[in-house]
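Colleague: sequence unknown, structure follows:
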């Protein structure tokens, strides 16, 4: 991506008075366990000659400190973005840029963009019409491709971009269903539609619907460089008093192998999950697939293996059998919406965090916690530590691999709460979770051409583009590694020495006299971290 740089505000306050041309040295033999695979070389005192050593053949850092730090960026009803329909393309891009900048400033590493809110598209599609939330009219062309722009801008900032789909929701009768764009797939296939009070859904029990939804998702996977595909909690609709989901026609046509309609409905959703996951694995296996279900699977009073809770059960109400998806491995991660505080009797945050941790234990499915940033300021959610308190508990559970917040707008509106996170749980950056490639080593080589130029109170770190790199991670090396060997350098590649991630070939750090040099690693499509090559010394 050229030599574009981005600025990272470092937590350290020290400044250098000297400005020097960078020098580089090559490491030898750092291993993934932090050991030395050959005779140690001087850690950061080389002459700058690229022939002074050789690039290592394995990454130094382990994956033990990977964390998901995500936020949902919601488009439906303009909850987050765009702030209102009808903004110009430039205005929409500027708002999106601001959210992505905020995500970096908040210590996040991933954004979940709502790309299919109501059987429509926040991207250029020949399968479904443009979402009305862009222009005010379903089918209205915004004049650019928002998803294409979002992916490029997120990656440039070192952020993952996950595409968030609602598989079945068509929207509210007014204005959504009453104003479908000409040629909308539901208009062409009216038998797909099931009215449910003020809302409408496509029928999960119709095999044509399942095939259509899967094709829509795969169209995005194939055409856009996204990092993940995401579903939230909307499967069969949440129950409404006095309403019945009228799927009699599809039940009669396709439910013959089931005695119970609930089991059949769950199987319909299960099949969609299998289809989507399988197609992604065949096409781009580095794209993660996960779901954020309602926080209660089943209550213990209904099922002895359920949670000690007494709220709505997603297994029974929405026919979302998350346990099956975890055990089958048809999802890569689960992010249950634990939108209740610690100590809440009906659904205690700690009790449910423990239950979900037990569900993913000894599986290959990652667990992230869906956090209720939208509840900040409510009873039980007061104080600057409202989110930090939740993470104090769940973050200590071995099975919990991170958090996703609803929504980024709510985080933006509660800066003191974010500051509290940044002062504690998010004091250091975090690499995003790795997807499984089936290989231990990364599919990317060492970064070359690393240079660090001090200019006043800043250091400009630059490097050459590396083939196959999705992101780059930049590390500060503490002063004590200057005369140490490769093992000390490998051991220094830790979160507290991570400056940040970027998708460009440069990054600006705040100068610090205790920094002996900079190391840059590349992350491949699976987010596996490649080896360390050259170390740049900003002191010359």
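Modeller: Arrived safely, thanks for sending. In this text the structure is predicted, and so the values were computed from the model without any measurement. Residues are numbered from 1 along each chain as shown.

Colleague: avg pLDDT for stretch 124-142?
Modeller: In this model, stretch 124-142 has a mean pLDDT of 98.

Colleague: identify all contacting residues around that stretch.
Modeller: 75-78, 82, 85-86, 89, 92, 116-122, 145-148, 175-176, 179-185, 215-216, 219 (CB atoms under 8 Å, 6 or more residues apart in numbering). Backbone N, C-alpha and C define where each C-beta goes, glycine included.

Colleague: same thing with stretch 79-95?
Modeller: Under the contact criterion CB under 8 Å, 6+ apart, stretch 79-95 has outside partners 72-75, 78, 96, 99, 114, 132-136, 142-144, 146, 149, 407-409.

Colleague: may I see the buried residues of it?
Modeller: Residues of stretch 79-95 classed as buried by neighbour count (16 or more other CB atoms under 10 Å): 79, 80, 81, 82, 85, 87, 92, 93, 95.

Colleague: just stretch 507-521 next, same as before
Modeller: 507-512, 515-521.

Colleague: pull up the distance across that stretch, start to finish.
Modeller: Using CA to CA, to the nearest Å, the end-to-end distance of stretch 507-521 comes to 13 Å.

Colleague: with stretch 244-253 instead?
Modeller: This stretch, stretch 244-253, spans 18 Å end to end (CA to CA).

Colleague: check stretch 188-201 too.
Modeller: Per CA to CA, the first residue of stretch 188-201 is 15 Å away from its last.

Colleague: do stretch 253-270 as well
Modeller: 18 Å.

Colleague: show me how far that stretch is from its chain's centre.
Modeller: How far stretch 253-270 lies from its chain's middle: 32 Å, per CA atoms, centre = their mean, to the nearest Å.

Colleague: buried residues, it. List them.
Modeller: Applying 16+ other CB under 10 Å to stretch 253-270 flags 254, 255, 264, 265, 266, 267, 268, 269, 270 as buried.

Colleague: out of the residues you listed, the closest to residue 374 would be?
Modeller: residue 269 (25.7 Å; CB to CB).

Colleague: the closest residue to the closest one other than its chain neighbours: how many residues sit nearby?
Modeller: In space, and not counting its chain neighbours, residue 269 is closest to residue 235: 5.2 Å by CB to CB, 6 or more residues apart in numbering. When neighbours are defined as other CB atoms under 10 Å, residue 235 has 28 of them.

Colleague: relative to residue 74, how far out is residue 235?
Modeller: To residue 74, residue 235 is 18 Å away according to CB to CB, to the nearest Å.

Colleague: and what of residue 521?
Modeller: Residue 521 sits 33 Å away from residue 74, going by CB to CB.

Colleague: rewinding a little: which of the buried residues of stretch 507-521 fall within strands?
Modeller: Taking DSSP state E as the definition of strands, the buried residues of stretch 507-521 contribute 507, 508, 509, 510, 515, 516, 517, 518, 519, 520, 521.

Colleague: kindly state the pLDDT recorded for the third one?
Modeller: What the model reports as pLDDT for residue 509 is 96.

Colleague: repeat that for the last one.
Modeller: In the prediction, the pLDDT value recorded for residue 521 is 94.

Colleague: burial count for the nearest residue to residue 183 once chain neighbours are set aside?
Modeller: Computed as CB to CB, 6+ apart, the closest residue to residue 183 that is not its neighbour in sequence is residue 129, at 7.3 Å. By the criterion of other CB under 10 Å, residue 129 has 22 neighbours.

Colleague: quick one: residue 129 and residue 138, what's the gap?
Modeller: Here residue 129 is placed at a distance of 5 Å from residue 138 (CB to CB).

Colleague: what do you get for residue 260?
Modeller: 37 Å.

Colleague: can you check residue 291 too?
Modeller: Separation of residue 291 from residue 138 (CB to CB): 26 Å.

Colleague: looking at this structure, which helix or strand is least sure?
Modeller: In the chain, the helix or strand scored least confidently by mean pLDDT, DSSP states H and E is strand 23-26, which has a mean of 40.

Colleague: next up, the contacts around the spatially closest residue to residue 262 that is not a sequence neighbour.
Modeller: In space, and not counting its chain neighbours, residue 262 is closest to residue 319: 6.5 Å by CB to CB, 6+ apart. Neighbouring residues of residue 319 by CB under 8 Å, 6+ apart: 204, 235, 236, 262, 265, 266, 268, 269.

Colleague: need the pLDDT of residue 319.
Modeller: Confidence at residue 319, expressed as pLDDT, is 98.

Colleague: do the same with residue 337
Modeller: Residue 337 carries a pLDDT value of 98.

Colleague: I'd guessed it sits against residue 374; true?
Modeller: No. In this structure residue 337 lies outside contact range of residue 374 using CB atoms under 8 Å: 10.8 Å.

Colleague: rebuild the contacts of residue 319 as TSV, extending it with secondary structure and distance to residue 395.
Modeller: Below are the contacts of residue 319 laid out as TSV (DSSP: H, G, I helix; E, B strand; the rest coil; distance: CB to CB, whole Å):
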residue	secondary structure	distance to residue 395
204	coil	35
235	coil	28
236	coil	32
262	helix	36
265	helix	35
266	helix	32
268	helix	36
269	helix	30
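
Colleague: ranges for the strands of the stretch 351-500 of the chain?
Modeller: Under the criterion DSSP state E, counting those that start in this stretch, strands of the stretch 351-500 of the chain are mapped to 366-371, 400-405, 451-455, 458-462, 471-478, 498-502.
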